[in-house]
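Participant: A predicted structure for the sequence below; I have some questions about it.
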Amino acid sequence: MQVEKTEPKRVARTERTPERIPEGAPERARETRPISRAPPDVVFIGKKPLMAYATAVMMHFNSGSNQCTVKARGQSISHAVDVVEVVRNRFFQGKLVIKEVKIGTELLGEGDEQRNVSTIEIVLSKND
């Protein structure tokens, strides 16, 4: 018994066709998050190296702005404090002032998986 080998047909497509949904099929619920635009004077601290954030804060002040806000939450809070101290002491040498420090808690997650996460907001101001 011999098995006949056939090659699959190749179809040249020049454009994508939209996905077809059969009639009567329930519409898919699409999860959409509201897009929140961060203000231009805010630097969010995450997992990048400290100098990446310090450079972002420096560039912000060098662009002519007199105020910048550094925000972080969770384990990045200590990283945010380090960034602010490096910028204040090393690069601006006393020309920046901590205008305000806000601490708070955010509720993250949905349903049974909700948890509290600490937040910090440090407002820096140029002392000219």
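Facilitator: The structure has been received and is ready for your questions. Residues are numbered from 1 along each chain as shown.

Participant: is residue 124 in a bridge, and if so with what?
Facilitator: residue 68, residue 98 (DSSP bridges).

Participant: so who does it touch?
Facilitator: 57, 61, 67-70, 84, 87-88, 96-99 (C-beta atoms under 8 Å, 6 or more residues apart in numbering). From N, CA and C alone the C-beta is placed, and that goes for glycine too.

Participant: and the residue lying closest to residue 104 once chain neighbours are set aside, how many neighbours does it have?
Facilitator: Leaving aside its chain neighbours, residue 104 sits nearest to residue 119 (4.8 Å; criterion: C-beta to C-beta, 6 or more residues apart in numbering). Residue 119 has 17 neighbours, counted by other C-beta atoms under 10 Å.

Participant: What are the phi and psi values at residue 119?
Facilitator: In terms of degrees, to the nearest 10, the main-chain angles of residue 119 are phi -130, psi 160.

Participant: any chance you could map the strands in this protein?
Facilitator: With DSSP state E as the criterion, the chain has strands at 42-44, 67-73, 96-108, 115-126.

Participant: re the thing from before, I'd guessed the residue nearest to residue 104 sits against residue 107; true?
Facilitator: No: taking C-beta atoms under 8 Å as the definition, residue 119 is not a contact partner of residue 107, at 10.9 Å.

Participant: returning to what we had before: buried subset of the contacts of residue 124 as a PyMOL selection?
Facilitator: This is the PyMOL syntax for the buried subset of the contacts of residue 124, where burial follows 16 or more other C-beta atoms under 10 Å:
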select buried, resi 57+61+68+69+70+84+87+88+96
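
Participant: Name the residue closest to the centre of the chain, please.
Facilitator: residue 44 (6.7 Å; C-alpha atoms, centre = their mean).

Participant: Before I go, just wanted to say thanks for your time.
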